[in-house]
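[1] Predicted coordinates and the sequence they were generated for:
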Amino acid sequence: MSDTSTKSVPDWWQRERQRRQAWILIFLVFLLGLIGYFYWVSAYGVIGNRIGVNFDTANYLSFINVDEKGNPSLYAIRADGTDLRRLTPETDKSNKQNPMWTADGKNVLYSSTNNPNQVMQIYIMESAGAKQLTYGTGNKFSPSPVPSSQLITFLTQGAVKTVLLNGEDVHQVMPLPQAGHEEGSEGAVVGELRGPYLWAQYSPAGDNLAAIQSLSSEDNPHNLGSFSAGDQVLRAIVHGKNAFLDSGREVGACWEAKGKRLLCTFAEYHIPTGKDRPKEFDVSEFKNVEFVSGMRIWNFEGDKQETRSIFVAFGYTIEPRNPTWSPDGALVAMEVWSHKKDGEKVLKGIAVLDISKEGTFAVRNQTDVDSFKTMIPVTADGSPQRPVFSPDGARILFEVAKPKGGRDIWVVNTDGTGKRNLTESLKGESSQAVWTPLKKL
């Protein structure tokens, strides 16, 4: 009996050793697969859960503060003015501009010269610090996340480009590169109007792209068509087509938060005469009007694009700038600038219009200008500018340019109550504030 038991021990040990080797092999295969998976998602920018700033960003906003010594820093603060946080280290004295939260509210995109060449590049602020996303020559500005994707848009050398959040796959989307131009070089298809792009943003669904282009006789020496040198043009790639929308001076635009409607403001649009005169201006009301400023909504929900005029100002009266749209689509806030007799334009303040009902706000003469009310007027304490609705629509964020220099970030309830200076404790100039998204994805 003892002989039998001693012979069975080696077989048991061998089976146990084989079992352990199998488990080790399975673990190694799993580990290699996991490593390969993360390399793949990193390469294609589809990683779903990025490490971001290490605090709950709900109800926060970020902004740039330039201190009294001229050093810019990126900050975040709660909408009630509490929990002020510096996001970039004090040792980083590089130029910084255009902060923008990613769609999940976990990271902040911005432009900075914090690199050996001191070229303005796009960075993403993560919990481990700032990560550079773009390289090469040419300053990069205005990063903006593309909804429902791992892409962001940015501007460089007058063109609109995209890059993945991991810094891979840079592509130029506007203007389309001309034949013979390298990918990433500025160019345009033959016959297209040329000029630098000043703003670009995808619609909330990520399927339509709007951009504002500046035109000049230098860029277009042969023909500007119905446009004039100095005009800005709102363009959009919708349903696969590149369309011209509104034009004029000081063009501004923003997408509806949950839809496919685009809001546009423009100033000094010269009304064409003769057969080129648009139908909406071919009425007696506009018979002696040379140009108008205004605001229109472009609707791309169906197969055909539709427009609705919601504001019009005749001749040298007032003009709207820097529009922002409430999340429910009912209100529009904008800067209101009035024309003076000597050609000077003076800021009146920030107005909020209820556009939920049909009809057009009209300003025809100086009497209308004098009676036009602003919710946040210019005062001796400063000039309010750049309004932005909060994601829940309850508040409006804006900047105040102080008479003796410097800027502060303020918030106000949509009904005009509860004004609060968020950056009163910071010296220098605070500007370019943006809200974090309302909900994390």
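    Sure, I can see it.
[2] show me where pLDDT drops low in the stretch 251-400 of the chain?
    282-283 (pLDDT under 70).
[3] quick one, strands of it?
    261-270, 291-299, 306-314, 318-325, 331-339, 345-354, 361-363, 376-377, 383-389, 395-401 (DSSP state E, counting those that start in this stretch).
[4] ok, now the stretch 1-150 of the chain?
    So, for the stretch 1-150 of the chain - with DSSP E, counting those that start in this stretch - the strands run 60-66, 72-78, 85-86, 96-101, 108-112, 121-126, 129-132, 140-145.
[5] Nearest approach to residue 405 belongs to which of those strands?
    strand 60-66 (11.0 Å; C-beta to C-beta). Just so you know, the C-beta spots here come from the backbone N, C-alpha and C atoms, and that holds for glycine as well.
[6] Give the pairing partners of that closest one; include direction for each.
    Taking DSSP bridges as the criterion, strand 60-66 pairs within the sheet with strand 72-78 (antiparallel), strand 429-435 (antiparallel).
[7] which other residues reach that strand?
    Residues outside strand 60-66 that contact it (C-beta atoms under 8 Å, 6 or more residues apart in numbering): 72-79, 83, 87, 96-97, 99, 101, 108, 110, 397, 409, 422-423, 426, 428-436.
[8] filter the residues you listed to the buried ones?
    Among these, those classed as buried by 16 or more other C-beta atoms under 10 Å are 72-79, 87, 96-97, 99, 101, 108, 110, 397, 409, 422-423, 426, 428-436.
[9] could the strands paired with strand 60-66 be laid out in JSON lines, adding distance to residue 205 and mean pLDDT?
    Shown next, in JSON lines, are these (distance: least, C-beta to C-beta, whole Å; pLDDT from 0 to 100):
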{"stretch": "strand 72-78", "distance to residue 205": "28", "mean pLDDT": "95"}
{"stretch": "strand 429-435", "distance to residue 205": "20", "mean pLDDT": "96"}
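[10] Quick check, residue 150 in contact with residue 165.
    Yes - the pair residue 150 / residue 165 is scored as a contact, 4.8 Å apart, by C-beta atoms under 8 Å.
[11] hey, C-alpha coordinates of stretch 350-364 in PDB?
    Only the C-alpha atoms of stretch 350-364 are listed here, as PDB (Å, rounded to 0.1, in the frame of the first residue of the first chain):
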ATOM      1  CA  ILE A 350     -26.300  93.300 -23.400                       C
ATOM      2  CA  ALA A 351     -30.000  92.700 -24.500                       C
ATOM      3  CA  VAL A 352     -32.100  89.600 -24.100                       C
ATOM      4  CA  LEU A 353     -34.800  89.000 -26.700                       C
ATOM      5  CA  ASP A 354     -37.700  86.500 -26.400                       C
ATOM      6  CA  ILE A 355     -37.800  84.800 -29.900                       C
ATOM      7  CA  SER A 356     -40.300  82.100 -28.900                       C
ATOM      8  CA  LYS A 357     -43.100  83.900 -30.700                       C
ATOM      9  CA  GLU A 358     -43.400  84.700 -34.400                       C
ATOM     10  CA  GLY A 359     -42.400  88.200 -35.500                       C
ATOM     11  CA  THR A 360     -39.400  90.400 -36.100                       C
ATOM     12  CA  PHE A 361     -37.900  93.000 -33.800                       C
ATOM     13  CA  ALA A 362     -37.300  96.100 -35.900                       C
ATOM     14  CA  VAL A 363     -35.200  99.300 -35.200                       C
ATOM     15  CA  ARG A 364     -36.000 101.900 -37.900                       C
END
